[in-house]
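Undergrad: Need a 3D model of the following:
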Amino acid sequence: MVLTLWNVRSKCSENPNLIKAYVGLSNVCTFKIHHGGMFTKYTRRRYVGESIDYVDYVDMDVFSVHELDDMLKEIGHINGEPIYYHFLILEIDIDYGLLPLGNDSDVLLLSKHVSNHKDIMVYSEHGTTIVHTYFMSPSKVVLEEINEPISPEPIRESLPV
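TA: Numbers count the residues shown, from 1 in each chain. Prediction:
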């Protein structure tokens, strides 16, 4: 079991100076969690109907996606629906910089940004997602099952030698 030190910031507390608070802690950050809302469609995407909570002292060396579930429970979301998480690469707008946060590979990608950015934007969607993620096939692609019997004849005959 790994001991985690993250905590949900009180709504009435002041915003700390994260650079100062995390001096010497290159893999520690704050998640600015946008939750309870939904994304508008691409392009000029926005997240509407949201609440925002901050989770401080997230240590990326021991962080896993399952901790996001715990964070949302502590914030007050307990509904049993699937939750889709995304993070935003801050140098890129939300249409192109929104990436999935659903497995260890995604966490490793996110952790590369923590040394330069101490305030990480995390978004949640409940039930369904309209954001293109690794769960969805690319747009305009249709997967179709073909139910044809397998032919006992060889597909290609061998050539005489």
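Undergrad: For this protein, just list every one of the helices.
TA: Secondary structure of the chain by DSSP state H: the helices cover 18-21, 66-75, 94-97, 104-114.
Undergrad: what helices or strands is the first one leaning on?
TA: For helix 18-21, the packing partners by 3 or more Cβ pairs under 8 Å, 6 or more residues apart in numbering; DSSP states H and E come out as none at all, with no helix or strand in contact. C-betas here are computed from N, CA, C, even on glycine.
Undergrad: can you give me the mean pLDDT across it?
TA: Mean pLDDT, helix 18-21: 89.
Undergrad: could I have that helix exported to CSV, CA atoms only?
TA: Extracted in CSV, the C-alpha atoms of helix 18-21 (Å, rounded to 0.1, in the frame of the first residue of the first chain):
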residue,chain,number,x,y,z
LEU,A,18,2.4,26.7,-5.9
ILE,A,19,6.0,27.4,-7.1
LYS,A,20,6.9,28.3,-3.5
ALA,A,21,4.9,25.5,-1.9
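Undergrad: for that helix, the distance to its chain's centre please.
TA: 24 Å (Cα atoms, centre = their mean, to the nearest Å).
Undergrad: now the longest one
TA: Centre-to-centre, helix 104-114 and its host chain are 10 Å apart (Cα atoms, centre = their mean).
Undergrad: how many other residues sit next to Val28?
TA: Close neighbours of Val28, defined as other Cβ atoms under 10 Å, add up to 21.
Undergrad: which residues does it contact?
TA: Counting by Cβ atoms under 8 Å, 6 or more residues apart in numbering, Val28 touches 22, 57-60, 114, 118.
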